[in-house]
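Engineer: Just to be clear, the model below is a prediction. Sequence and coordinates:
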Amino acid sequence: GAGGKGVWGKLGSELVEADVDMNDPNYDSDSLDNGDIELKTIIPEMSDEEIQKDTEPIVLEYFEHGDTAEAALAFDELNCGTKRYLIVVFAVEIAMEHKPSHREMTSVLISDLYGRIVTQKDIARAFEGLLKNLPDLVLDTPDAATVLGNFIARAVADDCLPPKFVQICKDKVTCDHARQALSRADTLLSMKHGLVRLDNVWGVGGGLRPVKYLTRQMTLLLQEYLSSGDLQEATRCLLDLEVPHFHHELVYEAVVMTIEAINGHTEELMCKLLKSLYAAIIITPDMMERGFLRVYEDMPDICLDVPLAYTVLERFVERCQKGGFVTDEVIKKMPSRGRKRFVSEGDGGRIKSHDFV
C-alpha cells in the first residue's frame, strides 16, 4: 500500500511532481525551477540625502548647458520612487542661491519635467515642503519668501500647479514667511495679464534684454549709489544684470552723470565706484577705456548742455588717473575744449596735449 500518515508513501511517488501550495508555510519560491519564474534585481529607493547629493550636480550642469532634455535623462536614472518631488525641492533651493537667470532656467526645468519625471501632485508637494522650510531658507537667502512666491506664481502660470494651490496653502500655513511667499504669489497672479507677464518674472536673461532697458537699469543703479554710497549694493546690482560685454555703458553713464553734476562729492563717489569695480576685475581695462572714449566722442553735444563740461572732465580724468584705473591711452585722447577731433590738422598727426583755455 501507499501507506498512511508518517510513512514514505507509495514506491516511485517521489518521481511524480507534487502540486504546489503557495499558502504552505514551507513554500519557497526560490526553489522553483521552471520557465514561469523571472528574477529581477530590486534597487532600494534612494534616501533623501542621496537624492540631494545626486540632484545638485545635475542642476549645476544644467545651469551650464541649459538642456532640459539632458537633465531629465539624468533625473530618470535616479531611483527616487515615491520621493521624486524632492528633485523639485532641491532644484529650487539651489536656484535660490544663484542669479535670476538661473532661477528662470529652474522654472523652465520644472515645467519641462512635469509629466515626464514629476506629476502635478509631486510639484505641489514640493512647494508645500519649501513653504515649511522657509524659516531655514531665509537664513542663507534673506529674500527667500519673495523668491519662492515668484516660483509658485510661475508654476501656476506654466500649468504645473492648479490655480487653487495658493488659496489652499494660505488656509493651512501658520509661518509668517510662508504667508509672505503666498501673498507674493497671489499678488503676481492677480495682476492684469498676470499669467502672461509671469513669463518674465525673473527678467529676461542677460544680453537678451533690450539696450534701453539695460541703460535705464544702470542709470538707476548709479543714482541709487550716489544717494546711499553703498558700494556693495551697487556691485551686486551690476552683477545681477549679467552683461559684462555692456559694462562700458556703466562707465559712460557714470562719467556723463559726473559731468552734469558739477560736484566734487559726485566726482569722488564715482571715482571710488569705478576704482572698486576695476580692482575686482568686474569692469575690465577694455570696458573702462571704451566707456571713456565714448564720452570723448559725445563731448561736443554734452558741452551744449553743460558749458563747464571740459573742465569737469579734465578734473575727473585726473582723479581717475591718480586712482590708477585709466590707461595712458585714455589720458592722451582726452579732447580739448571745443574740439570735436582729437588731432590738429597742422601738427603732423601728433596727439595734442590736453590744453584747456
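Structural biologist: Sure, I can see it.
Engineer: List the residues that contact E56.
Structural biologist: Taking C-beta atoms under 8 Å, 6 or more residues apart in numbering as the criterion, E56 is in contact with 90, 94. Where C-beta positions appear, they are placed from N, C-alpha and C, glycine not excepted.
Engineer: element containing it?
Structural biologist: helix 48-65 (DSSP states H and E).
Engineer: Next, count neighbours for the residue nearest to Q52 when sequence neighbours are not counted.
Structural biologist: Nearest residue to Q52, sequence neighbours excluded (C-beta to C-beta, 6 or more residues apart in numbering): F90, at 5.2 Å. Residues lying near F90 (other C-beta atoms under 10 Å) number 20.
Engineer: same question, D48
Structural biologist: Using other C-beta under 10 Å: D48 sits among 12 other residues.
Engineer: got a list of what it touches?
Structural biologist: So D48 contacts 83, 86 (C-beta under 8 Å, 6+ apart).
Engineer: Against S111, how distant is the residue nearest to Q52?
Structural biologist: Counting by C-beta to C-beta, to the nearest Å, the gap from F90 to S111 is 17 Å.
Engineer: in the helix holding E56, what's buried?
Structural biologist: 50-52, 54-55, 58-59, 62-63 (16 or more other C-beta atoms under 10 Å).
Engineer: Quick one: name whatever helix or strand follows the lowest-mean-pLDDT helix or strand in the chain.
Structural biologist: Lowest on mean pLDDT, DSSP states H and E among the helices and strands of the chain sits helix 194-197, with a mean of 56. Downstream of helix 194-197, the next assigned helix or strand under DSSP H and E is helix 211-228.
Engineer: which other residues reach that next one?
Structural biologist: Contacts to helix 211-228, defined as C-beta under 8 Å, 6+ apart, come from residues 230-231, 233-234, 237-238, 241, 243, 246, 249-250, 253-254, 257, 266, 269-270, 273.
Engineer: Low-confidence ranges, the chain, go.
Structural biologist: Scanning the chain for pLDDT under 70 picks out 1-42, 192-197, 199, 203-210, 338-357.
Engineer: and it, what are its domains?
Structural biologist: 48-200, 207-332 (automatic domain parsing).
Engineer: Output the buried residues of helix 48-65 in a markdown table; the columns should cover distance to D158.
Structural biologist: Listed next are these as a markdown table, based on distance: C-beta to C-beta, whole Å:
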| residue | distance to D158 |
| --- | --- |
| E50 | 28 |
| I51 | 23 |
| Q52 | 24 |
| D54 | 25 |
| T55 | 20 |
| I58 | 20 |
| V59 | 18 |
| Y62 | 17 |
| F63 | 19 |
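Engineer: Tell me if I am right that R337 is in a helix.
Structural biologist: No: going by DSSP: H, G, I helix; E, B strand; the rest coil, the assignment for R337 is coil, not a helix.
Engineer: which strands and helices sit next to the helix or strand hosting the residue nearest to Q52?
Structural biologist: Taking DSSP H and E as the definition, F90 sits inside helix 85-96. Here helix 85-96 touches helix 48-65, helix 100-113, helix 120-140, helix 144-157, going by 3 or more C-beta pairs under 8 Å, 6 or more residues apart in numbering; DSSP states H and E.
Engineer: Test my guess that V138 contacts T146.
Structural biologist: No: between V138 and T146 there is no contact, the gap being 10.1 Å when judged by C-beta atoms under 8 Å.
Engineer: Show the residue spans covered by the strands in the stretch 151-300 of the chain.
Structural biologist: Here the stretch 151-300 of the chain has no strands by DSSP state E, counting those that start in this stretch.
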